[in-house]
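Enquirer: generate a structure from the sequence data that follows.
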Amino acid sequence: MMRNKLYLFGNPKDSTRGWTVYTALLFFLFVFFGFVQEKENKLPASFVNVKEIIPSIMLDLRYYSEHNFVGKRINGYQAEKCILTREAAEALKKVQGELLPFNFSLKIYDAYRPQRAVNHFVEWAKNLADTSMKREFYPTVEKKHLFRDGYIASKSSHSRGSTVDLTIVSLPLKSQEKYAKGDRLCECTKPANQRFGDNSLDMGTGYDCFDTRSWTADSRLNENQRANRLLLKTLMEKHGFKNYNKEWWHFTLRDEPFPETYFDFVIE
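Expert: The predicted structure is shown next:
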C-alpha cells in the first residue's frame, strides 16, 4: 500500500514548482541573515571608529575597564573602541592637529555611550550599599545625593554620539599606573602625586571626580592647573565644541547631528 507523502513546497518529482519555491526560500534566508550579520558588524550611518580618523590619538577607555566609579565594565562596552559621529571625530582631528606639533596629544576617556550604559549607572546609583569605589571617585559626596547633585542622570549627551570626555597628555607618552581590582584607591581631589597615576597633564582632579573641584573654572586651581584646563577648553571651543562647566573633561559638538536622539547600539 502506497502512502501519500506530504511535501511542504510541492513534490519535486511531479513538477519544478517545489524546487523553485525551495530555492527561493533558501535564497531569501541567505540574503536576510547575511544582511542581519553585516548590519550587526557595522556602525550606524554617520558613526566612526575614532582611531581610524585620528590614528595618533590616545585612548584610556575607562568604562571598558574596571577603573571607574562603578568598579566593573559597563554594559554596552564589548570592545576597546572609541566611537563618535563623523562630524565630532573630524572636529577632534583639528584639535589633535594643533597639539601634535608641540608634542602634546588628546587622550579620550569616553565618547559615544550606549543608553544601556547610562541605565547601568542609574541602577548602580540606586544601590546605596555599593560604595566600593567611593574613596577615589566621590570621596566628599554621599552616594544617596548623586542624583540630587546631578552626577547621575537617566539621559546623557554621550548617547547622542557627539560628546567626548578627554584630556591632554605630553609626548612621548609617559607610562601610566595600571589599575587592578582591589588596588588601594586614592582620592581624585588630592594633588597629582597623591591620586591615581594618570599620565595626563595636571588638570586639578582625576577623571570622573564627583566634586566641585571638577568644575572647569574652580577657584582653588593653582596656576599650572588653570593653564592646562584653559588650553584644553580653548582648543576644543575653537573647533566647535562646548564645555560642560561642571566637568573640565566633558565637551559636546555645538552642531551635533543628532541633538534629540539617544542611541543604544553596543560598542563591539
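Enquirer: and the gap between the closest residue to residue 174 other than its chain neighbours and residue 112?
Expert: Nearest residue to residue 174, sequence neighbours excluded (CB to CB, 6 or more residues apart in numbering): residue 199, at 4.3 Å. Where you see a C-beta, it was placed from the backbone N, CA and C, and this is true even at glycine. Plainly put, residue 199 is 23 Å away from residue 112 if you go by CB to CB, to the nearest Å.
Enquirer: and those two? which has more neighbours close in?
Expert: Ranked by neighbour count (other CB atoms under 10 Å), residue 199 and residue 112 place residue 112 first, with 27 against 15.
Enquirer: can you verify residue 230 is assigned to a strand?
Expert: No. Checked against DSSP: H, G, I helix; E, B strand; the rest coil, residue 230 lies outside a strand; its state is helix.
Enquirer: surely residue 132 touches residue 72?
Expert: No. Proximity of residue 132 to residue 72 does not meet the contact threshold set by CB atoms under 8 Å, at 9.2 Å.
Enquirer: residue contacts, the residue nearest to residue 174?
Expert: 107, 169-170, 173-176 (CB atoms under 8 Å, 6 or more residues apart in numbering).
Enquirer: same deal with residue 139?
Expert: Neighbours of residue 139 in contact, by CB under 8 Å, 6+ apart: 187-189, 211.
Enquirer: let's see that with 10 Å instead.
Expert: Counting by CB atoms under 10 Å, 6 or more residues apart in numbering, residue 139 makes contact with 185-190, 209-211.
Enquirer: the helix or strand hosting residue 106 packs against which elements?
Expert: Secondary structure assignment for residue 106, by DSSP states H and E: strand 104-110. Under the contact criterion of 3 or more CB pairs under 10 Å, 6 or more residues apart in numbering; DSSP states H and E, strand 104-110 touches helix 50-53, strand 58-59, helix 86-99, strand 163-170, helix 223-238.
Enquirer: may I see the buried residues of the longest one?
Expert: Of the residues in helix 223-238, those with enough neighbours to count as buried (16 or more other CB atoms under 10 Å) are 225-226, 228-229, 231-233, 235-236.
Enquirer: any idea how far stretch 176-185 is from the chain center?
Expert: Stretch 176-185 sits 21 Å away from the centroid of its parent chain (CA atoms, centre = their mean, to the nearest Å).
Enquirer: kindly report the same for stretch 176-193.
Expert: Distance, stretch centre to chain centre, for stretch 176-193: 21 Å (CA atoms, centre = their mean).
Enquirer: now the end-to-end length of it.
Expert: One end of stretch 176-193 sits 12 Å from the other (CA to CA, to the nearest Å).
Enquirer: name the residues of that stretch that are buried.
Expert: Taking 16+ other CB under 10 Å as the criterion, stretch 176-193 shows 179, 185-189, 192 as buried.
Enquirer: adding secondary structure, distance to residue 85 and pLDDT, write these out as JSON lines.
Expert: Below are those laid out as JSON lines (DSSP: H, G, I helix; E, B strand; the rest coil; distance: CB to CB, whole Å; pLDDT from 0 to 100):
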{"residue": "179", "secondary structure": "coil", "distance to residue 85": "29", "pLDDT": "95"}
{"residue": "185", "secondary structure": "coil", "distance to residue 85": "34", "pLDDT": "97"}
{"residue": "186", "secondary structure": "coil", "distance to residue 85": "35", "pLDDT": "95"}
{"residue": "187", "secondary structure": "coil", "distance to residue 85": "35", "pLDDT": "98"}
{"residue": "188", "secondary structure": "coil", "distance to residue 85": "29", "pLDDT": "98"}
{"residue": "189", "secondary structure": "coil", "distance to residue 85": "33", "pLDDT": "98"}
{"residue": "192", "secondary structure": "helix", "distance to residue 85": "33", "pLDDT": "96"}
